[in-house]
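Undergrad: Let's see this in three dimensions:
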Amino acid sequence: MDDLIKLVSEKAGISRDQASKAVDTVTSFLKEKLPPDTFDQLGKAVGGLGDMAGDAAKTAGKTAEDATNVADDAAKTVSKAASDVADTVGGLFNTAKDAVSGVSGQKS
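TA: Predicted structure coming up:
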């Protein structure tokens, strides 16, 4: 597998990390699209392909979980901010209402 990553890195002119991600992506795609026995034969020819597909799937699952957690945290933050704004605006209206009532009361 290292040979494939090295080849992709050299031919595409990208870093080893980028090449590894590209190979992970292609491996996951092939595992999803090919019949299992065909993918296994390909894995034997390339070496380590099945392990890389499993690692890529785990990484994708973790990334999706992290994204969900970030979205949940953002939703909580936005909800709290909206509540704080509503409280502040409500307080301002009450203050303005009291001020108007006070002025109206003096004119009567």
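Undergrad: Mind telling me what element residue 68 is part of?
TA: Per DSSP states H and E: residue 68 is located in helix 49-107.
Undergrad: Now that helix: average pLDDT?
TA: Here helix 49-107 scores 69 as its mean pLDDT.
Undergrad: and stretch 77-92, how far from the chain's centre?
TA: On the basis of Cα atoms, centre = their mean, to the nearest Å, stretch 77-92 sits 28 Å off its chain's mean C-alpha point.
Undergrad: And for stretch 11-30?
TA: Using Cα atoms, centre = their mean, the mean C-alpha position of stretch 11-30 is found 20 Å from that of the whole chain.
Undergrad: got the buried residues for that stretch?
TA: Neighbour-count burial for stretch 11-30, with 16 or more other Cβ atoms under 10 Å as criterion, is recorded at 19-24, 26-28, 30. (Each C-beta comes from the backbone N, C-alpha and C, glycine too.)
Undergrad: Give the rounded mean pLDDT of it.
TA: Mean pLDDT, stretch 11-30: 88.
Undergrad: still on that earlier bit, strands - which of the buried residues of stretch 11-30 land there?
TA: Taking DSSP state E, every one of the buried residues of stretch 11-30 sits outside strands.
Undergrad: Next, format those residues as TSV and append distance to residue 7.
TA: Listed next are those as TSV, based on distance: Cβ to Cβ, whole Å:
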residue	distance to residue 7
19	8
20	12
21	15
22	11
23	9
24	15
26	12
27	14
28	19
30	16
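Undergrad: Residue 97: which of those residues is nearest?
TA: Distance to residue 97 across the buried residues of stretch 11-30 (Cβ to Cβ) is lowest for residue 21, with 59.6 Å.
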